[in-house]
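Trainee: quick one: sequence plus predicted model below, questions after.
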2 protein chains.
Amino acid sequence: MTDQRLSDCLHCSMRSESIFAGLLPAELENLGMEVQDIALPAGERLYREGEPARYAYTLRSGAVKLYKTLSNGQEVILRLLHHGDLLGFEGISEKQHRNDAITLAPSQLCRLDLENLQALSQRLPTVQAAILQRWQDALRESEERIVELGAKRAEARLATFLLQWAQRYPHLRSVPFPLTRQDLGAFLGLSTEHVSRIMAEWKRQSFLHESRGHLEILQEPNLRRIAQELPGEKADKKNQD
Amino acid sequence: MTDQRLSDCLHCSMRSESIFAGLLPAELENLGMEVQDIALPAGERLYREGEPARYAYTLRSGAVKLYKTLSNGQEVILRLLHHGDLLGFEGISEKQHRNDAITLAPSQLCRLDLENLQALSQRLPTVQAAILQRWQDALRESEERIVELGAKRAEARLATFLLQWAQRYPHLRSVPFPLTRQDLGAFLGLSTEHVSRIMAEWKRQSFLHESRGHLEILQEPNLRRIAQELPGEKADKKNQD
DNA sequence: CGCCAGATTGAGGAATATCAAACAGAGTGG
DNA sequence: CCACTCTGTTTGATATTCCTCAATCTGGCG
């Protein structure tokens, strides 16, 4: 079920975008670190909140959700990860993972030993700088989320999210979309039903199309308009088609 | 109005908590960087969103809000900073500031030149590690905010916030509280009026007391209980006093 | 005292949640 | 191929939370 082998970083297709970008081939061969290449089906857990952090990961393909489960059982999704994103790096400075990580789709990852990684980042400033950069990106994204959650209404949040999701697959008309309505709600701070209502309405209006885990945005301008809407700015003119 | 002089990092009262902690005195004297010591009244702007980033700051005393202003004029506060917090460090890797920064109270800050800081952090791994750590803290805080905004109701958000604010002044019964109802709303994703209603109610119930820019939490257990409440967990028993 | 920004209060309405029921579609076993 | 089941989606009705707008109140201050 879990395919696992040693990774060949030197010839990795993602090398130029990874935290090891910028290293010389000689340095790469001398990482002093085992990098496991892992393939997982959908729904597999990478780690759990509170668990001792042993590994960090680079997501090479597929999708992963990072989330917390509250005392009433409600899930809150903190981040949704795509091709190229990192996870588990909080383990560099904290002993335990801060959240749960589960694959949403069949995924390929590189698994890095955190102790090795920490030693490595002390030795190679390039690597540390790369990690710092990723962290800043994550913080910027989180702050954008705060703006969405704090200031926008349900439709605007959902529209923003769908557009950003689709943007991660620039070359595809119809993009992979393994999220349930419940996932969407957990990410956007909305109830499952409310998400469903909005999605259903947009499908009726042909703003978008869904089929077998794929999503196609048919009327991007309309979604963009909705994504911008702020409280007190009701769009009087609906689409007329 | 703006008192400004060269800072003496070696004898700074915050040295042990700053990003320069762990440096030897000799290294400190050789920072190769001018550190300005700045004192500002309340309501002073440190920088504006989109402005070229020249400086980063360490807040030595007082309070600062980082916020964005949306197209409808609405403010969203991203972070509220206290004694010991950093700001403007996004300028290390981005050319422009991502948000506005304004003092909420009379504040003392250290101003660091970003170009020098960048060079410095390449040279001194200790400094870079310290910055990395602050970044991770900021990300953790942002993720906690996302949980608050995404999953909790107004009262729980406000209670959580007040408790955390008060915790920043562990030795004081009555803590400085320079926030307006509007600030609270902008931070918590609520309307000014809704915040006001809840605060007024809590004052009536003697959960807390407000006076001349200061706040005292009188019944911490009740606030803690409210802070934990999640949708679907109505507390039937109110306080009886 | 008069003024003014911020705080409070009230009434009504919009946005969203909750609860319950019906629906759809992808396996699965006969 | 069909009935069956299971899970996720959609829909409806109702309740709650929160916002908006407008008015009033309060405390500090010239």
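Mentor: Good, I have the coordinates.
Trainee: can we go C-alpha only for contacts and neighbour counts from here?
Mentor: Will do.
Trainee: list the contacts of the most centrally placed residue in chain A.
Mentor: What sits nearest the mean C-alpha location of chain A, by Cα atoms, centre = their mean, is A:L81, with 1.5 Å. Contacts of A:L81 were listed using Cα atoms under 8 Å, 6 or more residues apart in numbering or on different chains, and they are A:59, A:63-66.
Trainee: and those residues, which of them are in strands?
Mentor: A:59, A:64-66 (DSSP state E).
Trainee: name the member of the residues you listed with the most neighbours.
Mentor: Neighbours here are counted as other Cα atoms under 10 Å in any protein chain shown. On that basis the top member of the ones in strands among the contacts of A:L81 is A:V64, with 27 neighbours.
Trainee: quick one: pLDDT of that one?
Mentor: Residue-level confidence at A:V64 comes out at 97, pLDDT.
Trainee: A:W165 too?
Mentor: You'll see A:W165 listed with a pLDDT of 97.
Trainee: which element follows the longest helix seen in chain A toward the C-terminus?
Mentor: For chain A, the longest helix by residue count, based on DSSP state H, is helix A:125-151. Using DSSP states H and E, the helix or strand that follows helix A:125-151 in sequence is helix A:154-167.
Trainee: for that following helix, packing partners?
Mentor: In terms of contacts (3 or more Cα pairs under 8 Å, 6 or more residues apart in numbering or on different chains; DSSP states H and E), helix A:154-167 is packed against helix A:181-188, helix A:192-204, helix A:220-228.
Trainee: what angle do the shortest one and helix B:125-151 make?
Mentor: What that stands for is helix A:181-188. With axes from the mean of the first three to the mean of the last three Cα atoms, to 10 degrees applied, the angle from helix A:181-188 to helix B:125-151 works out at 120 degrees.
Trainee: now helix A:181-188: mean pLDDT?
Mentor: Taken as a whole, helix A:181-188 carries a mean pLDDT of 98.
Trainee: so what touches it?
Mentor: If you take Cα under 8 Å, 6+ apart as the criterion, helix A:181-188 is touched by A:74-79, A:149, A:154, A:157-158, A:190-196, B:150.
Trainee: only alpha carbons, please: show it as PDB.
Mentor: Listed next in PDB are the C-alpha coordinates belonging to helix A:181-188 (Å, rounded to 0.1, in the frame of the first residue of the first chain):
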ATOM      1  CA  ARG A 181     -18.500  20.200   1.000                       C
ATOM      2  CA  GLN A 182     -17.500  19.500   4.500                       C
ATOM      3  CA  ASP A 183     -13.800  20.200   3.700                       C
ATOM      4  CA  LEU A 184     -14.800  23.400   2.100                       C
ATOM      5  CA  GLY A 185     -16.800  24.400   5.100                       C
ATOM      6  CA  ALA A 186     -14.000  23.500   7.500                       C
ATOM      7  CA  PHE A 187     -11.600  25.600   5.400                       C
ATOM      8  CA  LEU A 188     -13.900  28.600   5.000                       C
END
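Trainee: and which of the contacts of A:L81 is nearest to A:S174?
Mentor: Distances from the contacts of A:L81 to A:S174 were compared by Cα to Cα; the smallest belongs to A:A63, at 15.9 Å.
Trainee: now do the contacts for that closest one.
Mentor: Contacts for A:A63 (Cα under 8 Å, 6+ apart) come out as A:80-83, A:103-107.
Trainee: swap the cut-off to 6 Å and go again
Mentor: A:81-82, A:103-105 (Cα atoms under 6 Å, 6 or more residues apart in numbering or on different chains).
Trainee: good, wrapping up.
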